[in-house]
Structures are given as structure tokens and as C-alpha cells.
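> sequence first, predicted coordinates after that:
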Amino acid sequence: MDTIQKDFVSRLEERGITINERQLDQFENYYKVLVEWNEKMNLTGITERDQVYMKHFYDSVSLAFYVDMEKVGSLADIGSGAGFPGIPLKICFPHLKLTIVDSLNKRINFLKHVAETLGLEQVELLHGRAEEVARKHGYRDGFDLVTARAVARMAVLNEFCLPFVKVGGQFAAMKGSNPTEEIDEAARSLKELRGSLSQVHSFSLPVEESDRHIVVIDKKGPTPTKYPRKAGTAAKTPLV
């Protein structure tokens, strides 16, 4: 174990998360595959090893600091890109039944290769638009926890993600900048989509100390039949 890995392991342990040698190997192999494929397709602008461990791996796992993953059976990661936060969470919590939805097929192919290389089981990788997949039986109102580590504003993310959450489950949006204004703006979308703001957690990433916020929303009732609206509508005309 080198310095970067030791630092990663100890910072997770500080937060009550312990990983073994196999899991650490999975993270290292994930890093190698990410950098290798990134030369052929644009997956991430962050490729320095220490930065990947902190800004992608640790940042992804940070969701588990605030949501008890041991109580989560099924996790859906919407618009996952290069697999964040879904894959790091799956590595740390192998019991999770993970579903990743992404609209770009080549990213799904990359994630299939990652899952195979890392020996991850119970991982479903779906190529499609969130608005379309969320209308399918088995996905709609189907997951204990849904997450998105995305740049879209809360009013848009709510419509993408809340339809996947089962009644009594949660949606956790992982944000960089302070989401207070976005949350105020998203009041209508929460009401329409049967969501209720639970908590907003704020912390700083170690070392570089950039701000992170996790917005946790409770799902109070089944998704009304008119949502999500057809692909592209939420982004163009958000529920505000």
C-alpha cells in the first residue's frame, strides 16, 4: 500500500468505513481502467492518481457519511458518467444492488468493462434517457436510494431522479456549490413529484478543501402518472 492508498484508507476509516485489500485492489484497477479508457474517450478531466482518489473515489463514497448504506438494498445512479458515485459505493458496500442509467452508450460500455474487470456482481448498466427508463416497470418507484452527482439544478434533477425512488426511499443529490437557492427554486418540483426536503449536509473535501453539499430528499408518495415528462422537457422547462 503506497502513500496515496494509505491516506485514502485512513480518511475513510475516520468516517467509519473500513475496506479490505480486495476492495483497495478494485479501486486501483478502477483507476487504471479509467485512465486507459480516458485516452480514447472523454470520461474525466481529472487523471492524476491522487486527485482521482480524492475527487472521484473519496468524494463518491462521501454519500455514505450521511446515508446509512447498510440499510440500503437497491441503489440507482442517474447520469453516472464514468461511474461516480455508483461504482465506488458498490466497491465499499458490495451488498448494494446497483443500477446505473446513462444516455451515452460508450460510457455504458466502459462501465461494463469496469464491472467485469473488478468482478462486481449485481450491477445493471442501462443505456437510456432517465425520463424514459423511469417509466418502465421495475424502475419506477423502485429503489431504496437514488443519487446523481450532476451539474443540473435541483428542479431538473428532481424530475430525473425522484420517479425512480420507492415510497419511503430517498434521493440524494451530490452538489458542489451551495444549493440553497436551487432548493428554494425547486419547491414546486418537490411538491409535484411527492418529495420532501429531509436534510442538507455540508462538508469540505480533505486536502484541497473544496465545498461539497448533499441534498437528501424523502419520497412521500408514488410518482404521478404525468411525470417524468418526455425526454428533454425537464431541462428546457423545469418545474419552477
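Sure thing, it's come through.

> now stretch 184-202: average pLDDT?
On average, the pLDDT along stretch 184-202 is 97.

> quick check: phi and psi on residue 192?
phi -60, psi -40 (degrees, to the nearest 10).

> now do the strands in this structure.
Ranges of strands within the chain are 74-78, 97-102, 123-127, 143-148, 165-175, 195-204, 211-219, based on DSSP state E.

> go through the longest one and flag the buried ones.
Residues of strand 165-175 classed as buried by neighbour count (16 or more other Cβ atoms under 10 Å): 165, 166, 169, 170, 171, 172, 173, 174, 175. Every C-beta, even on glycine, is put in place using the N, C-alpha and C of the backbone.

> before we move on, what about the last one?
Across strand 211-219, burial judged by 16+ other Cβ under 10 Å covers 212, 213, 214, 215, 216, 217, 218, 219.

> which neighbours does that strand have in its sheet, and in what orientation?
strand 165-175 (antiparallel), strand 195-204 (antiparallel) (DSSP bridges).

> what sits up against that strand?
With Cβ atoms under 8 Å, 6 or more residues apart in numbering as the test, strand 211-219 has contacts from 59, 62-63, 66-67, 141, 154, 158, 162, 165-179, 183, 190, 194-205.

> pLDDT averaged over it - what is it?
Strand 211-219 comes out at a mean pLDDT of 97.

> again with the third one
Per-residue pLDDT values over strand 123-127 give a mean of 98.

> quick one, it and strand 74-78 angle?
30 degrees (axes from the mean of the first three to the mean of the last three Cα atoms, to 10 degrees).

> and strand 123-127, what other elements does it pack with?
strand 97-102, helix 105-118 (3 or more Cβ pairs under 8 Å, 6 or more residues apart in numbering; DSSP states H and E).
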